[in-house]
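Asker: Please find the sequence and the predicted model below.
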Number of protein chains: 2
Amino acid sequence: MDYKKFVEEQLAHIKQTVGAAKAINALSGGVDSSLVTVLGHRALGEQLQTVFIDNALMREGEPQRVVEIFAHMDIAVMLVDARQEFLSALAGLTDPEQKRQAITDTFYSKVFSRLVKESGAMFLLHGTILTDIEETVAGIKRQHNILAQLGIDTEQAYGYSVIEPLKSLRKDDVREVAKLLKLPAELSQRIPFPGPALAARIVGEVTPERLETVRTATAIVEEELADSGAFQYLAVLLNDCATGIRDNKREFGQIIVVRCIESTDARTATVTPLPWDKLDRISRQITQIDGVNRCLYDLTPKPPATIEYV
Amino acid sequence: MDYKKFVEEQLAHIKQTVGAAKAINALSGGVDSSLVTVLGHRALGEQLQTVFIDNALMREGEPQRVVEIFAHMDIAVMLVDARQEFLSALAGLTDPEQKRQAITDTFYSKVFSRLVKESGAMFLLHGTILTDIEETVAGIKRQHNILAQLGIDTEQAYGYSVIEPLKSLRKDDVREVAKLLKLPAELSQRIPFPGPALAARIVGEVTPERLETVRTATAIVEEELADSGAFQYLAVLLNDCATGIRDNKREFGQIIVVRCIESTDARTATVTPLPWDKLDRISRQITQIDGVNRCLYDLTPKPPATIEYV
């Protein structure tokens, strides 16, 4: 694939489509939305407003760090604090589909649709990649009809339009284009992070306390495996508890699963055979997290498991 | 430790204590109760009645196999089918302590107490080992007051008595004595199996279907790891489900945890660094069990985790 040509074509397409109008995009810090942000600002400059929505489900320090990285590239990102809206929507939910739906609804129908209206934008840039479309068609991922999700009736609202510059790329292509456009390695090599963020890594109810537990475990896993060269590595908090011993007394503790996989495009994945001393270091740190007394390693390829848990 | 002298002393002690009375013991097939059975029959011959209670929680073919092994040693074991009593007692229970209590109550207060009364025995031989006593004192295991558990008031019931020939031994001593008494390796080297049997390896409700799932996983793990030389290896069925892909569709599947540990006496344990091709073989077989789409490996030493989950 000719990545340089791809970039030129997309820049021209975005400019021509948007014309003199305003556009908006939501940045998550993942490589897909980061690349769309950079492409969009190259094509549109100040006509594009980029927002980062803090949904309370991000990793440690992530919202501030993403805004800072883009500031270094002279791209202003608007940080929107929507933590309370997401936590309220998730309270009491344990069913995985209901949790995903609550996050999607809060994002599109409430927070992002409000921002779109306030911005006056008629164009939305979105980081859909080929794998997303394929998995949606196959029934593995949910529908990506963004205008409908925003509550915008495309027939009535003439002019509203979605631009998906990456929809012909797979993950490895996205990284190559990101490198070509000189995105810092922290973004172009950023390990994939799911749409529902840490909520995809909490089996059972998402609460501030449980988010804190999985956030701490995630920081441990990401630090220990940063040099692993793996495609993706993550920590999951299960809902089950298991027996353990603390200070010579029986206790029921929480369980963290560590997952580390090899893949090129996330469609299939194999398990990384990590060194045992590394696994031991991770397990010892994770069982020092308050309330956690087990650490497990996921041995399952995709398929039959998915990469995330929820 | 002088194991030969230990055996002579225990045989003499059992003979002298029981005299011309009848004794009874419950055999589980584990090395502790197997050794007590052999010691007891050497000391008491036909005066000792040995029962094996099928509680529906045993491994594949285990009750029949244990009876058969002892028949080869000319020790008759009475196989008691109490499956329905245990399954009824466990129905609807998810709390780990309530599950353990239901099994203990059904075993002692219902099934075994009935058998003791029917047998006319005044002496009970029991395979308590030193680690059991230490962990009971430390509050890690539950109380081992067997007469009270049988509903026998020791003050009123003059003559009832418990004999615990192994109470000065740890697990490694038990195995040495078992070898000395020529117990077949299948018994003397048998990996430890918990009192609550497969119920200790089911997080959540114990049902016939869930027992079948963990029983199948246990058979896979025990076959694959028989040559591992590890102290203990087991499979656990979690209550949580996770997302997976089957025939290109999203599905929620069950999760099996594999645990394999090194230990000398079960008081502490470290995780066995198994070869990755072995773990991969186990994972592939386990995710072929109906309804299971994840397989995890437990990375936690004891402490802070225990060996079993419930």
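Answerer: Arrived safely, thanks for sending. Since this is a predicted model, take the numbers as computed values, not measurements.

Asker: residue ranges of the strands in the stretch 201-310 of chain A, please?
Answerer: A:232-246, A:249-262, A:270-271, A:292-298 (DSSP state E, counting those that start in this stretch).

Asker: Summarise which helices and strands the first one is packed against.
Answerer: Just to be clear, that refers to strand A:232-246. Packing partners of strand A:232-246 (3 or more Cβ pairs under 8 Å, 6 or more residues apart in numbering or on different chains; DSSP states H and E): helix A:208-225, strand A:249-262, strand A:292-298, strand B:232-246. The C-beta positions use only the backbone N, C-alpha and C, and glycine is treated the same way.

Asker: for it, what is the average pLDDT?
Answerer: Mean pLDDT, strand A:232-246: 95.

Asker: So what angle separates the directions of it and strand B:292-298?
Answerer: For strand A:232-246 against strand B:292-298, the angle by axes from the mean of the first three to the mean of the last three Cα atoms, to 10 degrees is 60 degrees.

Asker: Skip ahead from the worst-scoring helix or strand of chain A on mean pLDDT and say which helix or strand is next.
Answerer: Lowest on mean pLDDT, DSSP states H and E among the helices and strands of chain A sits helix A:146-149, with a mean of 71. Sequence order places strand A:161-163 as the next helix or strand after helix A:146-149, per DSSP states H and E.

Asker: What strands line up against that next one, and which way round?
Answerer: Sheet pairing of strand A:161-163 (DSSP bridges) gives strand A:123-125 (parallel).

Asker: Let me know the next secondary structure element after the strand it pairs with.
Answerer: Counting by DSSP H and E, what follows strand A:123-125 is helix A:130-137.

Asker: ok, A:Thr37 - contacts?
Answerer: A:25, A:27, A:50, A:70, A:75, A:77, A:125 (Cβ atoms under 8 Å, 6 or more residues apart in numbering or on different chains).

Asker: Just the C-alpha atoms of stretch A:35-45, please, in PDB.
Answerer: C-alpha atoms of stretch A:35-45 as PDB (Å, rounded to 0.1, in the frame of the first residue of the first chain):
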ATOM      1  CA  LEU A  35      -4.400   9.700  13.300                       C
ATOM      2  CA  VAL A  36      -7.800  11.200  12.300                       C
ATOM      3  CA  THR A  37      -7.100  14.200  14.500                       C
ATOM      4  CA  VAL A  38      -3.800  14.900  12.800                       C
ATOM      5  CA  LEU A  39      -5.100  14.300   9.300                       C
ATOM      6  CA  GLY A  40      -8.100  16.500  10.100                       C
ATOM      7  CA  HIS A  41      -6.100  19.400  11.400                       C
ATOM      8  CA  ARG A  42      -3.700  19.200   8.400                       C
ATOM      9  CA  ALA A  43      -6.600  19.400   6.100                       C
ATOM     10  CA  LEU A  44      -8.800  21.800   8.000                       C
ATOM     11  CA  GLY A  45      -6.700  23.700  10.600                       C
END
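
Asker: How far does that stretch sit from its chain's centre?
Answerer: Relative to its chain's centre, stretch A:35-45 lies at 19 Å (Cα atoms, centre = their mean, to the nearest Å).

Asker: Flag every buried residue along that stretch.
Answerer: Buried residues in stretch A:35-45, counted by 16 or more other Cβ atoms under 10 Å in any protein chain shown: A:35-44.

Asker: Let's see which of those residues end up in helices.
Answerer: Of the positions in these, A:35-44 sit in helices, assigned by DSSP state H.

Asker: what pLDDT does A:Pro194 get?
Answerer: With respect to pLDDT, A:Pro194 scores 89.
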